Structures are given as C-alpha cells and as structure tokens.
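In: The following block contains a protein sequence and its predicted model.
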Amino acid sequence: MKILFTKMHGLGNDYIFIDRIKNKYPLLLEDKLPKVARYLSKEHFGVGGDGIILIESSNKADFKMRIFNKDGSEAEMCGNGIRCFAKYIYDNKMTVKNKITVETLAGIKEVEFIKNKNGIVEEYRVNMGKAKVEGSLRLNILNQPFIINKVSVGNPHSVIFVRDVVRLDVSRYGPLIENNRNFPNKTNVEFVQVLDRNLIKLRVWERGSSETLACGTGACAAVVAGCNRNLVDNKVKVLLRGGELHINIDKKSNLVYMQGIATKVFDGIIEI
C-alpha cells in the first residue's frame, strides 16, 4: 500500500501527517496504526519523526486529529502537532474560516490563524482549554530528589523546576520519571529553568518519544505550574531547544492559550 504524507514540524517536534479525508486508505486498519506509526517514525527505515498524525473527518468539530507516538501509543493531544495540523488545513484550502475546531482525545480545541502585517498567516493560536493542577509529590531518582508538579493539559505532565536546565542529564532522569510507578499511564516530563517572571527555558522528555526539541502541551503545563507556585506571571515566553512559544493564561477564564509557528518540510509517498 502506498501512502501520501506530509512531513511537518513545530519547533523541531516533527510528525508525519496522513490525510484520511482526501485519501481514505481502507487497508490502513485500526489495529495496524500503532505498527504503522512505529515503522514510519523510525529513522533510516521509515520517514523518521516523533510520530504520525491522522487528519480525519469529525461529527463533533470541523476536523479530527489523532496522534500516535513513535512507540505506537496513541496520545491525547499535541500542542506542536495541532499547530501543524492547522497549517495543513489552511495551506490545502480545506476551510474558509479564520478559526477551526479540532476534535482530539483531550476534547475539542479551537485554533486561530494569525496573520502578519502583510496579511500572511504566520502563526497559530490554540485555545488549549483549562489546565488542571493535580498536586505535587517528591521522588528520588538515582539518589537525586525531584519535586514533581503534576499538571494535566488533556494529557499528563510532570513539571520540575531546576537551576540549570542546560546541564541537566534529561536522557538519564526523563525515562525513569516517565515510567515511574506513580504514573500508571506514564507521564511527560518538563524540566524548567525560570529566567524571569515572563521568560522560562524548557527541556522536555516526551512520553513515548524520548526528548523532543519542543512540546506545546509541555510549555503550557510549565507555565501553569509556574503560575501556581507564583514563579511566573500569566504571559510567558517559553524557550525550547527548537524555538519559542508564547503562553498566555487568561486571568478571568483560566483558559490557556498557546501561540507559535508551524513549518512544512516536504510531501512524499511511502510504500508499506
């Protein structure tokens, strides 16, 4: 079976997009999707990426987005992925709206197309909904103590504030926290360095994908945890390894908004 795909990334967090509205792919069976995700995401053998994202029709929203991580697990939500999703919809003229609604496993999300002064869509602003602070716990990982701030942005996050995120061995501690018995469904892990009340630096160990260059939901969770601990204000620039995101928490509604770019890499055809 030959599959048409589009490779896209949000600040280096890259996904393989498959349009199941334009091409139904009847042989792409539900029980085969995890295996397909693992194959396509594998460098040297497949396309390579952090996972696959399916573009589908929805009876609840304008479109439906499904995310499969590179290990084959299905994710509830992806902040970088949904910006790329919106760019795909806009670039392929699949809507005439200025905003679209997208059905995800984390609920329906609204994405607005943000134009620059020349009228060109340059960024995408996502209403991520309300985040939920779920308390904190202390873990000792390899004799290193960590205070875990648990936050849900439709998917689980463990936010950890550190003094120097650059020197931290994320690949050493990340998987041990992700798979800790306190998180039966595993967890995304954010290591955060607060630079000032409107600026943080972030590295992410993403559940099912290892360390990624960026994580949109992780950026949101980090700012929510920072606000909860009075470390940051409600408008924060987040510096990730792949670029920057702007997170705004509305003081009245507590809705979390994420804004940033999305980039198309290439179109292709692969036989599986």
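Out: Now that the structure is in, tell me what you want to look at.

In: Would you mind checking which helix or strand in the chain has the lowest mean pLDDT?
Out: strand 210-212 (a mean of 94; mean pLDDT, DSSP states H and E).

In: In the sheet, which strands lie alongside it, parallel or antiparallel?
Out: strand 199-206 (antiparallel) (DSSP bridges).

In: Now do the residue most central in space within the chain against residue 72, distance only.
Out: In the chain, the residue lying closest to the centroid (CA atoms, centre = their mean) is residue 78, at 2.9 Å. With distances taken as CB to CB, to the nearest Å, residue 78 is found 15 Å from residue 72. Quick note: C-beta positions are derived from backbone N, CA and C, even for glycine.

In: Mind jotting down where the helices sit in the chain?
Out: For the chain, the helices defined by DSSP state H cover 33-41, 79-91, 170-178, 216-228.

In: Let's have the ones you listed in CSV, adding distance to residue 193 and mean neighbour count.
Out: Formatted as CSV, those follow (distance: least, CB to CB, whole Å; neighbours: other CB atoms under 10 Å):
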stretch, distance to residue 193, mean neighbour count
helix 33-41, 29, 20
helix 79-91, 20, 25
helix 170-178, 12, 17
helix 216-228, 10, 28
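
In: Rebuild the ones you listed as a markdown table, extending it with distance to residue 134 and mean pLDDT.
Out: Conversion of the helices of the chain to a markdown table gives the following (distance: least, CB to CB, whole Å; pLDDT from 0 to 100):
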| stretch | distance to residue 134 | mean pLDDT |
| --- | --- | --- |
| helix 33-41 | 27 | 97 |
| helix 79-91 | 19 | 98 |
| helix 170-178 | 15 | 97 |
| helix 216-228 | 10 | 98 |
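
In: closest one to residue 100 among the ones you listed?
Out: Of all the helices of the chain, it is helix 79-91 that lies closest to residue 100, at 6.1 Å by CB to CB.

In: Mind putting the helices of the chain into JSON lines with distance to residue 208?
Out: Listed next are those as JSON lines, based on distance: least, CB to CB, whole Å:
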{"stretch": "helix 33-41", "distance to residue 208": "10"}
{"stretch": "helix 79-91", "distance to residue 208": "13"}
{"stretch": "helix 170-178", "distance to residue 208": "8"}
{"stretch": "helix 216-228", "distance to residue 208": "13"}
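
In: which one of those helices lies closest to residue 139?
Out: Residue 139 lies closest to helix 170-178 among those, at 6.8 Å (CB to CB).

In: so what secondary structure elements neighbour the closest one?
Out: strand 132-141, strand 144-152, strand 188-196, strand 199-206, strand 210-212 (3 or more CB pairs under 8 Å, 6 or more residues apart in numbering; DSSP states H and E).

In: want to throw those strands into TSV with mean neighbour count?
Out: Listed next are the helices and strands packed on helix 170-178 as TSV, based on neighbours: other CB atoms under 10 Å:
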stretch	mean neighbour count
strand 132-141	12
strand 144-152	18
strand 188-196	22
strand 199-206	23
strand 210-212	19
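
In: Redo those strands as TSV? Include distance to residue 107.
Out: Supplementary listing: these in TSV, determined by distance: least, CB to CB, whole Å:
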stretch	distance to residue 107
strand 132-141	12
strand 144-152	11
strand 188-196	17
strand 199-206	20
strand 210-212	23
